[in-house]
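>>> Okay, sequence plus prediction incoming.
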Amino acid sequence: MGRPGAPLQAGAHLSTGMNVDAPWHLHDMHQLLYAFEGSVEVESKDAGHLIPHQFAAWIPAGAIHRTTIHRVRSGSVFFHPSMVTGAGSRVRVVLVPPLMREMIMCAMRWPIAQPVPPIGRAYLKALAMLCGEWIQSEARLALPTSADPRIRKAMVYTRQHLATTDLASVCRVAGLSERSLRRHFRAAAGMTWEAYRRRCRLARAIVLLGDAKLTIGGIADDVGFESQGAFAKALRALIGERPSDYRRRIQRQLAGDG
């Protein structure tokens, strides 16, 4: 990755709708991955991350992960480890404020495979410093994984049947009693099955909110919330915005892309 023989400090990579199903790998640089539209997926050893538009993945240097990008325009900015304070060692999902989004877009001017001029180096250094602050605002969108095949089955079934799944159907799929599933799920995932289902529903709903043709009530129903009010309350607890406010904000930003 980068320019052979050159001291590599920072640079960007723009993905314009290609399909990427990367195997498990790591980088010797920090990566900030952002989808300009739609969503991308990043899986680490302990969690899966569905990252919708208006969020970004922070992937520290040395963090083992794999990435899935399906025909989504996205951009990554890479930083030398010395450039970002508080980088941590695990993948995080972070909320992208407007300034961060604009700076990521502008950073695409300096591809990582080409020499970066002095103005680009100064710009990327400023972005790296701001990232040290921005990545502390972590969004609770990580979906835990499990090595237990029974719990993996429960997780996959839950994600695939968000609107209709209930504990009884998940127990049948996993081959566990309700009591056993509750106990094993909490031990494996660090949360109850109900909390996992709610997080899956919110992650999917955030993606759907980017489609202006869908009604908020329809989205709530599609992902399994009992009412639009329950959906609004859950989303506000997660990201601090009601669905209508979140949708207006991202539509304004999309309109600003021109």
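Structure received.
>>> Which pLDDT value belongs to the residue nearest the centre of the chain?
Nearest to the mean C-alpha position of the chain, counting by CA atoms, centre = their mean, stands residue 51 at 2.3 Å. At residue 51, the model reports a pLDDT of 83.
>>> Give me the phi and psi for residue 101.
phi -60, psi -50 (degrees, to the nearest 10).
>>> Quick check: the gap between it and residue 130.
Counting by CB to CB, to the nearest Å, the gap from residue 101 to residue 130 is 12 Å. All C-beta atoms are positioned from the backbone trio N, CA, C, and that covers glycine.
>>> higher neighbour count, those two?
Taking other CB atoms under 10 Å, residue 101 and residue 130 do not tie; residue 101 has more neighbours (20 against 15).
>>> thinking the more buried one is in contact with residue 32, fair?
No. Checked against CB atoms under 8 Å, the pair residue 101 and residue 32 is beyond contact range at 11.1 Å.
>>> what about the closest residue in space to residue 207 that isn't next to it in sequence, how many neighbours?
What sits nearest to residue 207 in space, not counting adjacent residues and going by CB to CB, 6 or more residues apart in numbering, is residue 52, at 4.4 Å. Here the number of neighbours of residue 52 (other CB under 10 Å) works out to 23.
>>> Likewise for the one 4 residues further on?
By other CB under 10 Å, 29 other residues sit near residue 56.
>>> before we move on, the earlier item: surely the residue nearest to the centre of the chain is in a helix?
No. Residue 51: not assigned to a helix; according to DSSP: H, G, I helix; E, B strand; the rest coil it is strand.
>>> who's it bridged to?
Assessed by DSSP bridges, residue 51 has beta-bridge partners residue 40.
>>> for it, what are its contacts?
The neighbours of residue 51, taking CB atoms under 8 Å, 6 or more residues apart in numbering as the test, are 33, 35, 39-42, 57, 93, 141.
>>> The same query, at a cut-off of 10 Å, please.
Listed by CB atoms under 10 Å, 6 or more residues apart in numbering, the contact partners of residue 51 are 33-35, 38-42, 57, 67, 69, 74, 91, 93-94, 96, 139, 141-142, 203, 206-207.
>>> In helices, which of the residues you listed fall?
203, 206-207 (DSSP state H).
>>> which regions of this structure sit below the pLDDT cut-off?
Across the chain, the ranges flagged by pLDDT under 70 are 1-8, 253-258.
>>> How about the contacts made by residue 241?
So residue 241 contacts 54, 95, 209, 232, 235, 247-249 (CB under 10 Å, 6+ apart).
>>> ok, of those residues, which one's closest to residue 125?
Closest approach to residue 125 among these (CB to CB): residue 95, at 22.8 Å.
>>> Hmm, residue 58 and the closest one touching each other?
No. At 11.2 Å, residue 95 does not count as touching residue 58 under the criterion of CB atoms under 10 Å.
>>> Give the residues shared as contacts by these two.
With CB under 10 Å, 6+ apart as the test, residue 95 and residue 58 both reach 134, 138.
>>> Where do the helices of this protein begin and end?
For the chain, the helices defined by DSSP H cover 98-107, 118-134, 149-160, 167-174, 178-189, 193-208, 216-223, 228-239, 243-256.
>>> Just name the most buried of the ones you listed.
helix 193-208 (a mean of 21; mean count of other CB atoms under 10 Å).
>>> CA-only coordinates of it in CSV, if you can.
The C-alpha coordinates for helix 193-208 follow below in CSV (Å, rounded to 0.1, in the frame of the first residue of the first chain):
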residue,chain,number,x,y,z
TRP,A,193,-30.8,-11.4,22.8
GLU,A,194,-33.4,-8.6,22.9
ALA,A,195,-30.7,-5.9,23.0
TYR,A,196,-29.0,-7.5,20.1
ARG,A,197,-32.2,-7.6,18.1
ARG,A,198,-32.9,-3.9,18.9
ARG,A,199,-29.4,-2.9,17.8
CYS,A,200,-29.8,-4.9,14.5
ARG,A,201,-33.1,-3.2,13.9
LEU,A,202,-31.6,0.3,14.5
ALA,A,203,-28.6,-0.3,12.3
ARG,A,204,-30.8,-1.5,9.4
ALA,A,205,-33.3,1.4,10.0
ILE,A,206,-30.5,4.0,9.8
VAL,A,207,-29.5,2.7,6.3
LEU,A,208,-33.2,2.8,5.2
